[in-house]
Every structure is written in structure tokens, then in C-alpha cells.
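In: predicted model and sequence below, questions to follow.
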Amino acid sequence: MISRRQLLIAGAGSAVLLVAPRGAWAAPIRLAQPILDPTTIQKYVTELLIPPAMPPARKHGKHKIEEYLIGVRQFSQQVLPPGLPSTTVWGYGSAVHKGTFSSPSFTINARADHPVRVTWINQLVDKRGKFLPHLLPVDPTLHWANPPGGIAGRDSMPTFTETPGPYIGPAEPVKSSETFSWSGVL
């Protein structure tokens, strides 16, 4: 006898096949690890992280501005209960303090009338300095998902005569040496 859940899953899978654009199934998805059965994973056994405060990189100037250098990296973290495989995640941490990268990330504690400067650094690169591909599949047929012409063409809507291949570009369209800074009083 088929269960209601199995019927719904089969129906959803069939509906996806019916509405998928031509050529969308040309390249099969290869998984690094087999998919785990969610019914076999114990629930509510791993304590949730209470994010500690992000350590500032330095305090400088006559106003003692707290400066944070925060990078985003890819790493493995034990998200599932012990005994199950670790999960590849993206998370933030201090670029100058070891052991601060986690997901969820540390918090920035700021006080009123005390200036804070944050520099965000893209560290989503491999050992050779090449940008990592996105962890999740990107549908390039969605508006702005894979703009033609890079940043210069980001406000244009692409037209396709056939479904493009999977997006293999970088997770961020900036060089790893470029940063974005925000300064202000909270």
C-alpha cells in the first residue's frame, strides 16, 4: 500500500518533469554524499549555538572606533547530531581571529554613540585563489540570476533560445581583494 507522503512526493516529482524547460535534465546532478533519510535523524538533540560576540580587529583613532574585518568562508561544520556527517556551510567570522567562523555567525555588539567600522571580505576561494562555485544550484533563467555582460549588464533581462547550462561562475562577482566598508554610529 502506498502512503500519502509517497503519493505526494511522486506527484510533485511528476509535476516538475512536466513543467521543466526542454534540456533542463540534460546534466544529472551528482551528489558528493547520499541524501540522508530525514525520518532517521533524531530531532532536538543538538544544542543551538548562542552566538558569542565577534572580536573587533582593532580600536583606533581618538574616538576609539571599533573596526571589524569580517570574512565569509566555506567550511565543514557539525550541524546534524553527532555520528552523522558534517555539513559544508558558508559562514562569517573575524578575518584576524582564528576559531570565529561558524554558522550562524558571531554577533557584533555595538553601543549607542560609539562608532563602528565593518569591512566585509569575500574569502569564498579555493587554495589557488579561484572563486568557489555556489553551494546551491542557480537557475540562470530567472531574471538577474545570471545577467549577460556581468555587472555592466545586471539590470538587463536575458533572452534565451534554449535553456542555458548550469551556472558555474563565482559565488560573488568581486575579486577577493575588494572589500565593502560601512562606517557609522549605531
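Out: Sure thing, it's come through.
In: how about the helices of the protein, start to end?
Out: With helices called from DSSP state H, the chain shows them at 4-19.
In: quick one: contacts for residue 45?
Out: Shown here is residue 45, whose contacts under the criterion CB atoms under 8 Å, 6 or more residues apart in numbering are residue 81. Yep, even glycine has a C-beta here, placed from its N, CA and C like the rest.
In: I meant to write residue 136 there.
Out: Remark: with contacts taken as CB under 8 Å, 6+ apart, residue 136 is in contact with nothing.
In: pretty sure residue 106 contacts residue 49?
Out: No. In terms of CB atoms under 8 Å, residue 106 does not count as a neighbour of residue 49; the distance is 9.6 Å.
In: okay, these two: which has more neighbours?
Out: Between residue 106 and residue 49, counting by other CB atoms under 10 Å, residue 106 is the more crowded of the two (21 against 13).
In: phi, psi for the residue lying closest to the more buried one once chain neighbours are set aside please.
Out: Excluding the flanking residues, the one nearest residue 106 by CB to CB, 6 or more residues apart in numbering is residue 54, at 4.0 Å. According to degrees, to the nearest 10, the main-chain angles of residue 54 amount to phi -70, psi 130.
In: number of nearby residues for residue 54?
Out: Quick note: residue 54 (other CB under 10 Å) scores 21 neighbours.
In: wait, doesn't it sit right on residue 108?
Out: Yes. With contact taken as CB under 8 Å, residue 54 and residue 108 are classed as touching, separated by 5.2 Å.
In: mutual contacts of these two, please.
Out: Contact with both residue 54 and residue 108 is made by residues residue 68, according to CB under 8 Å, 6+ apart.
In: what stretches of this structure score poorly on pLDDT?
Out: Judged against pLDDT under 70, the low-scoring parts of the chain cover residues 1-33, 139-159, 166-186.
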